[in-house]
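In: Structure, please.
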Amino acid sequence: MSIGRRIMGLLAGAGLAVGALIGTAAPAQAYSPNPDFNKYYRDTDNCPCSGGTLADPFDGTTFAKDAGGYAVKMELVDDGWFVGKVEFHPNDEKLWIYDTKNDGDTYFVSVGYFSGGSYHDLGTFSPPGTSAVVDKRIKDFDIPEGASVDISVYDASGHSDLIGAARGTGAAVA
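Out: Model (predicted):
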């Protein structure tokens, strides 16, 4: 093999490697318009529960029994494609955040709760954004029993471009 062919092969291989890296590490692109947003609540007094609106093509959703708790599942669908979901499980106060489409986009989930007469901000989180078919991040919180949990889903990191929320009178309950 000639030196010229080797150099061309090396350059082509390097170009493919760089392209693959750029493709997996691309910055988030805002959905426009925002994805469709659906939310489903479950009174966890009556759980364990799954199926129905809690079913999805990835791992479904099952909520455990938690007396006095309200769980919520939020789905994001873009152009008929399931792109993500967010679940709050009052049993152990866990937030599950999924990215279900490798499209170079992500979303941001802001979480807080009301207790003792004040609001407590727990932070803003997003799925990890790997090249896996389904990415998920699980956040484990210590929220007082009976606290109203506010969850807002944004298309931008700075709490702008609200996609949907479970907050206020529609909040989940720890």
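In: OK, contacts around the closest residue to residue 82 other than its chain neighbours?
Out: Spatial nearest neighbour of residue 82, chain neighbours left out: residue 100 (5.3 Å); criterion: CB to CB, 6 or more residues apart in numbering. Heads up, the C-betas are built off the backbone N, CA and C, glycines and all. Contact analysis of residue 100 by CB atoms under 8 Å, 6 or more residues apart in numbering lists 58, 82, 83, 84, 85, 133, 134.
In: ok, the closest residue to residue 101 other than its chain neighbours - how many residues close by?
Out: Using CB to CB, 6+ apart and skipping the chain neighbours, the partner closest in space to residue 101 is residue 83 (4.5 Å). Residues lying near residue 83 (other CB atoms under 10 Å) number 21.
In: All the helices of this structure, in order from the start?
Out: Assigned by DSSP state H, the helices in the chain fall at 3-24.
In: What segments of it are strands?
Out: 36-43, 70-78, 81-89, 94-99, 108-115, 118-125, 135-140, 148-154, 162-166, 172-173 (DSSP state E).
In: Highest mean neighbour count out of those strands?
Out: Neighbour counts (mean count of other CB atoms under 10 Å) averaged over each of those peak at strand 172-173, with a mean of 26.
In: what helices or strands is that one leaning on?
Out: Applying 3 or more CB pairs under 8 Å, 6 or more residues apart in numbering; DSSP states H and E, one finds that strand 172-173 contacts strand 70-78, strand 148-154.
In: Wait, residue 57 touches residue 81, no?
Out: No. Using CB atoms under 8 Å, residue 57 makes no contact with residue 81, being 10.3 Å away.
In: ok so, going back, same list as before, the helices and strands packed on strand 172-173 that is, but in JSON lines and with distance to residue 122 included.
Out: Shown next, in JSON lines, are those (distance: least, CB to CB, whole Å):
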{"stretch": "strand 70-78", "distance to residue 122": "15"}
{"stretch": "strand 148-154", "distance to residue 122": "9"}
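In: Could you dump those into CSV with mean pLDDT and distance to residue 90 added?
Out: Formatted as CSV, these follow (pLDDT from 0 to 100; distance: least, CB to CB, whole Å):
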stretch, mean pLDDT, distance to residue 90
strand 70-78, 94, 6
strand 148-154, 96, 8
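In: Out of those, the one nearest residue 43 is which?
Out: strand 70-78 (6.0 Å; CB to CB).
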